[in-house]
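# 3D, please:
(chains A and B)
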Protein chains: 2
Amino acid sequence: MNKNELLSLLQPDIDAINETMRSETAQCGNARLQEILEYALFNGGKRIRPLLTIIAARLCAFSRMPEGLAAEDELQPPIDLYRLAMVFEFLHGASLLHDDVIDNAGKRRGRPAANIVWDNTQVILAGDFLHTRAMTLAGTLGGQHTLTLIGAATSAMIQAEFLQMQTVQELNFSETNYFAVLRGKTGCLIRTACEVGACFAEGNAEHQQALRTYGDALGLAFQVVDDLLDYQGDPEKTGKAVGNDFVEGKLTLPLIYALQNCDPKECEFIMHLLKGPAGLRAEKTDEVRLLIEKNGGFAYARQGAETLVEAAFEALAVFPECTARRVLNGLAQYVLTRQK
Amino acid sequence: MNKNELLSLLQPDIDAINETMRSETAQCGNARLQEILEYALFNGGKRIRPLLTIIAARLCAFSRMPEGLAAEDELQPPIDLYRLAMVFEFLHGASLLHDDVIDNAGKRRGRPAANIVWDNTQVILAGDFLHTRAMTLAGTLGGQHTLTLIGAATSAMIQAEFLQMQTVQELNFSETNYFAVLRGKTGCLIRTACEVGACFAEGNAEHQQALRTYGDALGLAFQVVDDLLDYQGDPEKTGKAVGNDFVEGKLTLPLIYALQNCDPKECEFIMHLLKGPAGLRAEKTDEVRLLIEKNGGFAYARQGAETLVEAAFEALAVFPECTARRVLNGLAQYVLTRQK
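Predicted coordinates for the structure are as follows:
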């Protein structure tokens, strides 16, 4: 499935998600608060997480329908599914708002960051509001199991942030640690978005497990590619400077692999930079990029992402052939080819 | 009931709340995170909100028990009630952590504020963690109705913060507006703490309503007294400078009443200060305090708080005489006499 076909299949759901979000934010009870919420939520995001919930639900619903009873495109998702899917966009929006304050960010996605337009107080409060609404909707629309899943994913995100801070401080460059941070920061919420859709549509145990496996692999692949783009992406497209992670002292897979495979002198050079000031790292980013290339770090990470996407495809093999399955496969494929 | 008797009746529950919180924070999955959570939660707070949940539940449980079946002190609250009550302390802790970042606070309760000991990133994340755990526990221990109540109270707090910012900006000094901000910022959560206890113990509709009314009056009285203490309290005891609210441009009940009742010249003087810089207000705080006194602002606010506490007593009249009811009345009485 090419990107255009994928997008045209997803567009009706994207529109429905946006409409659901607009009607929810319009009820927030305060004009200024509404302004901030809309700024945070309508920022050109791709709605990946809520889409996963909706398509996972559709896949489970179609899969347990006796053959021929209904065509797949006749299955209309209930309005509650869109509101439940929106929870993931709210949680994502809450963490972006808090990140803007944390990073004292000047820009996000080419616009002034929220903390520039308003102030820290209003931005933190708006994030808290999204968080509260998300958790309330999770529990009332999805029930206790869904609430527990989403609560655990959010806790995991926070724990992973703390783990990452330690990783940077201790210069811990084990792959195990790298994937633990990845799983917590991105993987858990993406896996949970799939799982919540499966639960909502009352998928059977095998189908729920398949979507968990798919979501886990997709989330990790997404982030590994993100870490590749950080070194190899076109700044015009990604909107970020090349080697930003390295300058911040973050140890990502390409660098971790290179460190394990370079000669002692190269290793010493990189470690020296990591222990030194960010400014020096910024100067030497190009050299480090060449060292990673030479030692196979990019090829290794690319291979890792491809293996993860293969695992995502395989997980879905338990489902019958249908559009929903093709769309989920298409999303996994897109993760490998995206350039921003 | 005097303060010492009240405290000795409450102490076993306070100990149980603290123990429950320690065991919960110990499971947070990260040593640094645990450190911040404990710093935020064990700060000498009085545990008013969780106590209200526990005592409201005990009052409802005792009230529906056939007479003579069990003595009141034989009713052991289930462990889940303590965990559910803890939710209110978690929400309170989350908002204090976020407030430390928002206010860029140097001190809180005589200790360095959390953002001084750690950094904004860690403090915001720790607040988010408490928030997530609180909402998850609310829904899993209390069910959907409880989750909805707590979600609504948290949203109301945030809406009230926005309303207060507008109030300050627009110099809106209506009493209606003042009580709307009060109800949102403090009243809702206190009322909800009572209501959640009543729901947990399956109190009947009359008893639930009575505890809602009690909680609403208690929360408002608490905050009106807080606003009085801001002008009249002993800084040694309150830990805050006299007239802090006025310096920040906050319009509280004593000032609102005085503005409605002073002569045009006095009014002009106060309005001039409110529109001017904070430094000028700090210089003139004593004069303003005398003007409020002269125009009956303090007496009016004190009378308002007393009327609210009377309403809290009256609401509890539907319950049989028992220790739990005496304790709730004692708490309401304490609100009037507290000096910090």
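# could you say what helices and strands the longest helix seen in chain A packs with?
Scanning chain A for the helix with the most residues, using DSSP state H, yields helix A:120-170. In this structure, helix A:120-170 packs against helix A:31-41, helix A:79-103, helix A:114-117, helix A:175-182, helix A:188-200, helix B:31-41, helix B:79-103, helix B:120-170, with contacts taken as 3 or more Cβ pairs under 8 Å, 6 or more residues apart in numbering or on different chains; DSSP states H and E. Heads up, the C-betas are built off the backbone N, CA and C, glycines and all.
# out of those helices, which is closest to A:Ile17?
helix A:79-103 (6.1 Å; Cβ to Cβ).
# who does the helix or strand immediately after the closest one in the chain pair up with?
Proceeding C-terminally, helix A:79-103 gives way to strand A:107-108 as the next helix or strand, assigned by DSSP states H and E. If you go by DSSP bridges, strand A:107-108 pairs up with strand A:111-112 (antiparallel).
# so for the strand it pairs with, mean pLDDT?
Computed over strand A:111-112, the mean pLDDT rounds to 83.
# what does stretch A:192-209 give?
In this model, stretch A:192-209 has a mean pLDDT of 95.
# for stretch A:31-49, same thing?
Stretch A:31-49 shows a mean pLDDT of 92 in the predicted model.
# next, the buried residues of that stretch.
By neighbour count, with 16 or more other Cβ atoms under 10 Å in any protein chain shown as the criterion, the buried positions of stretch A:31-49 are A:32-37, A:39-41, A:45, A:47-49.
# how about stretch A:321-337?
Residues of stretch A:321-337 classed as buried: A:323-336 (neighbour count, 16+ other Cβ under 10 Å).
# tell me which residue is most central in chain A.
A:Thr186 (4.7 Å; Cα atoms, centre = their mean).
# so that residue sits against A:Gln223, correct?
Yes. The pair formed by A:Thr186 and A:Gln223 meets the contact definition of Cβ atoms under 8 Å, at 4.6 Å.
# so where is chain A shaky, pLDDT-wise?
Counting by pLDDT under 70, chain A shows low-confidence ranges at A:66-76, A:105, A:239.
# one more time with 80
Low-confidence segments of chain A, defined by pLDDT under 80, are located at A:64-77, A:103-110, A:168-173, A:235-242, A:339-340.
# who's sitting farthest from the centroid in it?
With Cα atoms, centre = their mean as the measure, chain A has its most outlying C-alpha, relative to the mean C-alpha position, at A:Lys265: 36.3 Å.
# tell me the secondary structure at it.
Of the three states, A:Lys265 takes helix according to DSSP: H, G, I helix; E, B strand; the rest coil.
# quick one, which of the helices and strands packed on helix A:120-170 gets closest to A:His131.
The closest of those to A:His131 is helix A:79-103. By Cβ to Cβ, the value is 4.4 Å.
# what about that closest one, distance to the chain center?
Using Cα atoms, centre = their mean, to the nearest Å, the distance from the centre of helix A:79-103 to the centre of the chain it belongs to is 11 Å.
# just the buried positions in it, please.
By neighbour count, with 16+ other Cβ under 10 Å as the criterion, the buried positions of helix A:79-103 are A:81-102.
# ok, which of those residues also contact chain B?
Among these, the residues within reach of chain B (Cβ under 8 Å from any Cβ of the partner chain) are A:94-95, A:98, A:101-102.
# would you format the residues you listed as CSV with distance to B:Gln144 included?
CSV is the format used below for these (distance: Cβ to Cβ, whole Å):
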residue, distance to B:Gln144
A:Ala94, 21
A:Ser95, 25
A:His98, 27
A:Val101, 32
A:Ile102, 32
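# on that earlier part again, switch the helices and strands packed on helix A:120-170 over to a markdown table; also include distance to B:Arg22.
Shown next, in a markdown table, are the helices and strands packed on helix A:120-170 (distance: least, Cβ to Cβ, whole Å):
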| stretch | distance to B:Arg22 |
| --- | --- |
| helix A:31-41 | 35 |
| helix A:79-103 | 27 |
| helix A:114-117 | 35 |
| helix A:175-182 | 26 |
| helix A:188-200 | 26 |
| helix B:31-41 | 8 |
| helix B:79-103 | 10 |
| helix B:120-170 | 14 |
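# now for the ones you listed, which one comes closest to A:Tyr214?
Judged by Cβ to Cβ, the one of these that comes nearest to A:Tyr214 is helix A:188-200, at 6.0 Å.
# report the distance from that closest one to the chain centre.
Using Cα atoms, centre = their mean, the distance between the centre of helix A:188-200 and that of its chain works out at 13 Å.
# so what's A:Phe162 closest to, chain neighbours aside?
In space, not counting the residues next to it along the chain, A:Phe162 is nearest to B:Asn30; the distance is 4.5 Å by Cβ to Cβ, 6 or more residues apart in numbering or on different chains.
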